[in-house]
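Undergrad: Sequence first, then the predicted structure, then my questions.
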Amino acid sequence: MIQVRRAKKQDIPAIMELLKQVNMVHHIGRPDLFRVGTKYTAEELEALLEDEKRPVFVATESSPGGAERVLAHGFCIVKQEIGSQLLTDVKTLYIDDICVDEAARGSHVGRTLYEAIRRFAAENDFYNITLNVWTCNEPAMRFYESLGMRQQKIGMEMILKEKEA
């Protein structure tokens, strides 16, 4: 059975592997922007796990012997503009990164993780959940739409020169 909980220090090696997988999706889709590597070092990730404004969740599965295997992660950021001339004071939970292990995709792990994040947001009085998705990642776009998410804004670009190899 899949369980979702806040990430712990002992999850760092598994999360690092997932960070490599999600980065490869981006690198393959946009090698002009993404290098091969990870978004965080293990040391940066350890510090991040202590930050209440940046909750990290993991979806895990327990083996018959009781050992847990991390199947997915969800990095979030608490955002709130207070006293803005333009924006209302809503509290937003921004999903900075979700990755389901390649071997677990298609088994509803991502949906389970997202629903746990949604419950966390609802229980903690967030107004909405937002995220960004790269257009080169069509499976992720379809996945988020299947969860009931809809476009909020669209980022656009114009590449002005070819990138040197």
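TA: Yes, it's here.
Undergrad: from what I can see residue 92 touches residue 80, true?
TA: Yes. The pair residue 92 and residue 80 qualifies as a contact (CB atoms under 8 Å) at a distance of 6.7 Å. For every residue, glycine as well, the C-beta is placed using N, CA and C.
Undergrad: What segments of this structure are strands?
TA: In the chain, strands defined by DSSP state E lie at 2-6, 56-62, 68-80, 91-100, 128-131, listed in chain order.
Undergrad: Who does the fourth one pair with, and is each partner parallel or antiparallel?
TA: With DSSP bridges as the criterion, the sheet partners recorded for strand 91-100 are strand 68-80 (antiparallel), strand 128-131 (parallel).
Undergrad: Could I get those in a markdown table, plus columns for mean pLDDT?
TA: Conversion of these to a markdown table gives the following (pLDDT from 0 to 100):
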| stretch | mean pLDDT |
| --- | --- |
| strand 68-80 | 97 |
| strand 128-131 | 97 |
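Undergrad: Reformat the ones you listed as CSV; add mean neighbour count and distance to residue 19.
TA: Formatted as CSV, the strands paired with strand 91-100 follow (neighbours: other CB atoms under 10 Å; distance: least, CB to CB, whole Å):
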stretch, mean neighbour count, distance to residue 19
strand 68-80, 19, 8
strand 128-131, 16, 16
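Undergrad: need these in a markdown table with distance to residue 36, can you?
TA: What follows is the strands paired with strand 91-100, written out as a markdown table (distance: least, CB to CB, whole Å):
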| stretch | distance to residue 36 |
| --- | --- |
| strand 68-80 | 19 |
| strand 128-131 | 23 |
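Undergrad: Can you tell me which of those strands is nearest to residue 45?
TA: The closest of the strands paired with strand 91-100 to residue 45 is strand 68-80. By CB to CB, the value is 9.4 Å.
Undergrad: chain center to that closest one: distance?
TA: For strand 68-80, the gap between its own C-alpha mean and the chain's C-alpha mean amounts to 6 Å (CA atoms, centre = their mean, to the nearest Å).
Undergrad: for stretch 52-61, same thing?
TA: Using CA atoms, centre = their mean, the distance between the centre of stretch 52-61 and that of its chain works out at 9 Å.
Undergrad: Output the below-cut-off pLDDT ranges for this structure.
TA: For the chain, applying pLDDT under 70 flags the ranges 165.
Undergrad: how near is the residue nearest the centre of the chain to residue 104?
TA: Central residue of the chain (CA atoms, centre = their mean): residue 97, 1.9 Å from the mean position. Note on residue 97: its distance to residue 104, by CB to CB, to the nearest Å, is 16 Å.
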